[in-house]
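J.: Below: sequence and its predicted model.
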Amino acid sequence: MIIGLDANIFIYALNAHPDFGADALLLLKMIEKGAVQGVASELTFLEVLAARKLSPADIANAKRLLDLSGVVFLPVNMLVIDEAAQ
């Protein structure tokens, strides 16, 4: 199964959101273990890092989560943008 991810999944996991943090982290662990495949746009990577003012430690944690999650980050180009706009 392939699951498309938006920035909110990573943000909820990083911030331990009281309602969605545990489920977001569980989903990322399932992706990391290969139980499901996760895909996201490279813009998601940027959105996570720009979601709020992050300390250097927060940025390091976010990058580690993004890098280690096993999520495939797909590039965004004009063709993708045109297709998404349809």
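T.: Okay, I see it.
J.: In the chain, what helix or strand scores lowest on average pLDDT?
T.: Every helix and strand of the chain was ranked by mean pLDDT, DSSP states H and E. The lowest is helix 56-68, at a mean of 81.
J.: Tell me if Ile3 really is in a helix.
T.: No. Ile3: not assigned to a helix; according to DSSP: H, G, I helix; E, B strand; the rest coil it is strand.
J.: follow-up on the earlier one: and the helix or strand just after the least confident helix or strand of the chain, what other elements does it pack with?
T.: Note on helix 56-68: by DSSP states H and E, the next helix or strand toward the C-terminus is strand 72-74. Where contact means 3 or more CB pairs under 8 Å, 6 or more residues apart in numbering; DSSP states H and E, strand 72-74 is packed against strand 37-41, helix 42-49. C-beta here means a position set from N, CA and C on the backbone, and glycine is covered the same way.
J.: Tell me the helices and strands packed up against the least confident helix or strand of the chain.
T.: helix 7-15, helix 42-49.
J.: let's go with 10 Å and repeat that
T.: Under the contact definition 3 or more CB pairs under 10 Å, 6 or more residues apart in numbering; DSSP states H and E, helix 56-68 sits against helix 7-15, helix 21-33, helix 42-49.
J.: now the first one against strand 37-41, angle please.
T.: Computed with axes from the mean of the first three to the mean of the last three CA atoms, to 10 degrees, the direction of helix 7-15 lies at 110 degrees from that of strand 37-41.
J.: Just the buried residues of helix 7-15, please?
T.: Ala7, Ile9, Phe10, Ile11, Tyr12, Ala13, Leu14 (16 or more other CB atoms under 10 Å).
J.: in the least confident helix or strand of the chain, what's buried?
T.: Of all the residues in helix 56-68, those buried under the rule 16+ other CB under 10 Å are Ala62, Leu65, Leu66.
J.: Equivalent analysis for stretch 67-79, please.
T.: By neighbour count on 16+ other CB under 10 Å, the buried set for stretch 67-79 is Ser69, Gly70, Val71, Phe73.
J.: Check the separation of the first and last residues in that stretch.
T.: Start and end residues of stretch 67-79 are separated by 25 Å (CA to CA, to the nearest Å).
J.: again with stretch 4-23
T.: 15 Å.
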